[in-house]
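Student: When you get a sec, could you give me coordinates for this:
(one chain, ligands or ions: 4)
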Amino acid sequence: MVYIFVVQILHLYNRTMDCQNSTYTKSGILLLLLLVFSVTNNLCGQTTEQRLKIASNNKRIELANFKSNLVSEYVLERSHLKAAAKLHNWKLKETLANGKKIELQGIGEDGSPLYYETYADEAGLVSRASTLNTDGILGLNLDGDGMQVGVWDSGVALQNHVEYASRVEIGDEDSEIDSHATRVTGSIISTGLKKDAKGVANKATVITHDWTRDKIEVTEAAADGLLLSNHSYGIKADRVPDWYFGAYTKVAQDWDKIMYNAPYYLMVTAAGNAQKSRNNDSPIYGTNTDGFDVLLGFTLAKNNITVAGANSEIDKNGDLKSADVSAYSSFGPVDDGRIKPDIAGNGSTILSTDSFSNTSYDTSSGTSMATPGVTGSLLLLQQYHQELYGSYMKAATLKGLALHTADDIDTLGPDYKMGWGVMNTKAAAEVLTNKEFTSHLAEESLENGETFSFEVTAEGNETLIASISWTDLESDFINRGEMNNTTAALVNDLDIRISKNGQTFLPWKLNPARASSAATKGDNKVDPFERIEIPNANGIYTITVTHKGELQNTNQDFSLIVTGVLMTTCSIDAPAEISLEETEASSVSITWEAVADGLYEIQYKEIYQQEWTTEYITINNFDWKGLLLDNTYSFRLRTFCSQNIASEYSDPITFTFNGEETVLETLNALSVDSEISFSVYPNPAMDEIQLNVQTTEHTVYRIMSTSGVALKMDSASNSRINVSDLPSGLYVLQIQDFDVNKSTKFYKY
Ligand SMILES: [Ca+2]
Ligand SMILES: [Ca+2]
Ligand SMILES: [Ca+2]
Ligand SMILES: [Ca+2]
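Tutor: Numbers count the residues shown, from 1 in each chain. Ligands and ions are numbered 1, 2, ... in the order given. Purely as a prediction, here's the structure:
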């Protein structure tokens, strides 16, 4: 296990070298430490090579076939659209009285016109300086540099807006520039020339497309390695019959198919703003004034993330102070009881770029504006994972991570208003940092008939949370016009359980027939994400993942995330009890207290050298060979408990090599007095030491070897001490003035 650590670290190092070439060739070790401890630089973004790597995981033939199907369907649908529009006197495109653009984009199974509209709440426009919350994640200095995200919208963004600094590419050349697309794009990537309008991933690149041919364009982009796309639009709620609400229809099926065949691609969609619309007179729960069952179209897909709008307040530590669902945000459920929306983001009064001019801004609200905040945050998590582990997460992992770490709102468990709660990017990033220390995150696969099992240890003071997330095959079943059909769209029904001493813990579930009631725990047959929580977990727990029935396509990939556990017995206290075990003619053997499951990073040097030599070893013993008589050496170490979690360094030990007689030097000051403080410079000294403290005629100094033998003593009244007669080595300087004295160490070249 420990050996793997080394391989991972070196792997990380090599990757980084690939990305940066000559910039960091000076010291691989320094670079490694830089990476491991303070991820302060984006060392490489999404390179062509990485895109190809993502693309290589795609089911390329399926995607190509599916794309050609979509193209044929599109051509057919367009001709139907035009004919039907003419027949029924429908407008193909319209700008409504509130300025919102809508466009006829499809015809439903029952012949209903499917208009797309943007999910901005135009009525909610207010002017207020507001910030997009990027707390926590910014502490890691992640900014999306080199990363790309797709924005599909009612048009394309104003490419030359000053906030974009040439980081917007036009995907659809002939499209109209659109204010909504410009706002969404700015929320993700604006530089922050106007501070309050800074995007979440303010160095990332957006490729901007209009919504026409969205499925076809995304299929192409995902096939080529696109990780994320933002869709702050959807079907207009007041022009469809009631059965559409909550129904798994062809458009959801199509998007699920794209995501299943491109397992690294994740679609992020706005829930919509229809909560108060009263557009659904036959909701699966309550009446048309309760706000439930108003989700439509692709927001009801299984594999995407659907974002609700929240009014949330975040404190300076990145912790959620309060949150409630926005007054406009559309509620679920899916008619089969699946939890939608998945997550909530802040969508209230967001300041962003506007397309009026390349220096204009505007403020707006809506799930439209909540969604790019989530998309941008997800992009940063991908960047962070790539920096730490040299690869991107599968979409199911990324989605699982977001849902696993969301801040739970109101009563415990998920609900049909804000899903699993408010996105907490900071908590999500911490799961990545602490991987194999206090968290576990793994991409697994379950074979048909197989049981996956995994043991974890909890220490009694945390909530153990375990979740599974998977990208499910598109359902063969689609609703073609039935009101509130509850047939589950889920194909491969995985089940997570946690057991301990005969007790079994079950995942959360919701009941669409009691959509406003609190979540319960039980067998979940509808969601492709399951999460179990055990407060104050203590002891050893067994997590199992099984499946019902027969797995389609013989196996099902899933992502397992566990938090609130101890993945190692390794201690991050600084290593102690360092001693010289054996001394020989030209070597010493250094030992220290063993740490279970630890990888030791040892550093050693001749004391005057600037740079340490670093090695990684798994045993608590180091044979230091080739030592020279009378040279003074220094040694220190720290323990790596996981790839990113290490202890502090030990205090360095020092010795002047004297063959078999070598002993550790004690550097304890002879006396410490806070009333006089002084230091010496230069240190290391050449010929003379200068005391940077006021001395008097009574001040004397004494220079001792580090083993305490006095070598030199004289008046220090002029603050200068000649040391040219001393041999090279480490010394202790003591300054005495009447009854106070103070010591410091210095090195003489
Ligand atoms: Ca398009
Ligand atoms: Ca319904
Ligand atoms: Ca809740
Ligand atoms: Ca299940």
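
Student: and residue 260, which of the three is it?
Tutor: Three-state assignment for residue 260 (DSSP: H, G, I helix; E, B strand; the rest coil): helix.

Student: Report how many residues lie close to it.
Tutor: The tally of other residues near residue 260 (other C-beta atoms under 10 Å) stands at 24. In this view, the C-beta of every residue, glycine as well, is placed from N, C-alpha and C.

Student: That one touches residue 491, doesn't it?
Tutor: No. Assessed by C-beta atoms under 8 Å, residue 260 is found out of contact with residue 491, at 9.3 Å.

Student: Mind listing the shared neighbours of these two?
Tutor: 472-474 (C-beta atoms under 8 Å, 6 or more residues apart in numbering).

Student: Make CSV out of these and add neighbour count and secondary structure.
Tutor: Output for those, formatted as CSV (neighbours: other C-beta atoms under 10 Å; DSSP: H, G, I helix; E, B strand; the rest coil):
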residue, neighbour count, secondary structure
472, 24, coil
473, 20, coil
474, 24, coil
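
Student: Can you give me the neighbour number for residue 61?
Tutor: Residue 61 has 9 nearby residues by other C-beta under 10 Å.

Student: now the helix ranked longest in the chain, how far from the centre of its chain.
Tutor: Criterion DSSP state H: the longest helix present in the chain is helix 60-88. Helix 60-88 has its C-alpha centroid displaced from the chain centroid by 37 Å (C-alpha atoms, centre = their mean, to the nearest Å).

Student: same for that helix, what does it pack against?
Tutor: strand 101-107, strand 113-118, helix 214-223, helix 250-261 (3 or more C-beta pairs under 8 Å, 6 or more residues apart in numbering; DSSP states H and E).

Student: give me that answer again for 7 Å
Tutor: Applying 3 or more C-beta pairs under 7 Å, 6 or more residues apart in numbering; DSSP states H and E, we find helix 60-88 packed against strand 101-107, helix 214-223, helix 250-261.

Student: orientation of that helix relative to helix 214-223 in degrees?
Tutor: 170 degrees (axes from the mean of the first three to the mean of the last three C-alpha atoms, to 10 degrees).

Student: Quick one: name whatever helix or strand follows helix 60-88.
Tutor: Sequence order places strand 93-95 as the next helix or strand after helix 60-88, per DSSP states H and E.

Student: what's the spacing between the closest residue to ligand 3 within the stretch 151-300 of the chain and ligand 4?
Tutor: When scored by C-beta to the ion, the stretch 151-300 of the chain has residue 292 as its residue closest to ligand 3, at 15.6 Å. Distance check for residue 292 against ligand 4: by C-beta to the ion, to the nearest Å, it reads 23 Å.

Student: Contact residues of this structure facing ligand 4?
Tutor: Applying C-beta under 5 Å from the ion, one finds that the chain approaches ligand 4 through 493, 495, 524.

Student: Out of those, flag the one nearest to residue 343.
Tutor: Nearest to residue 343, judged by C-beta to C-beta, of the residues of the chain next to ligand 4 is residue 524 at 17.4 Å.

Student: Can you give me the distance of that closest one to residue 658?
Tutor: Look at residue 524 and residue 658: by C-beta to C-beta, to the nearest Å, they are 70 Å apart.

Student: More neighbours: which of these two?
Tutor: residue 524 (23 against 13).

Student: Using the three-state scheme, assign that one.
Tutor: Of the three states, residue 524 takes coil under three-state DSSP.

Student: Use 852 as the first number from now on
Tutor: Sure, I'll start counting at 852 from here, so that last one is residue 1375.

Student: Quick check: it touching residue 1358?
Tutor: Yes. Between residue 1375 and residue 1358 there is a contact under C-beta atoms under 7 Å: 5.2 Å.

Student: Pull up the overlap in contacts between the two.
Tutor: Residues within reach of residue 1375 and of residue 1358 at once, by C-beta atoms under 7 Å, 6 or more residues apart in numbering, are residue 1381.

Student: re earlier: and for the residue of the stretch 1002-1151 of the chain closest to ligand 3, the neighbour number?
Tutor: Burial of residue 1143 is recorded as 25 neighbouring residues (other C-beta under 10 Å).

Student: again, but for residue 1583
Tutor: Residue 1583 - counted by other C-beta under 10 Å - has 24 other residues nearby.

Student: which stretches of this protein have low pLDDT?
Tutor: Judged by pLDDT under 70, the chain has its weakly predicted residues at 852-896, 972-990, 1168, 1517-1530, 1534, 1545, 1557-1561, 1588-1592, 1600.

Student: Apply 80 and report the result again.
Tutor: Applying pLDDT under 80 to the chain picks out residues 852-897, 949-950, 972-992, 1165-1170, 1516-1538, 1541-1551, 1553, 1555-1571, 1576-1583, 1585-1600.

Student: How about the contacts made by the residue most central in space within it?
Tutor: The centroid of the chain falls nearest to residue 1232 when counting by C-alpha atoms, centre = their mean (2.7 Å). By C-beta under 7 Å, 6+ apart, the residues touching residue 1232 are 1249, 1252, 1276, 1279-1280.

Student: Let me know the distance separating the residue of the stretch 1002-1151 of the chain closest to ligand 3 from ligand 1.
Tutor: Counting by C-beta to the ion, the separation of residue 1143 from ligand 1 is 32 Å.

Student: Can you tell me the SS state at that residue?
Tutor: Taken by three-state DSSP, the conformation at residue 1143 corresponds to coil.

Student: I'd assumed residue 1134 was in contact with it.
Tutor: Yes. At 5.1 Å, residue 1143 counts as touching residue 1134 under the criterion of C-beta under 7 Å.
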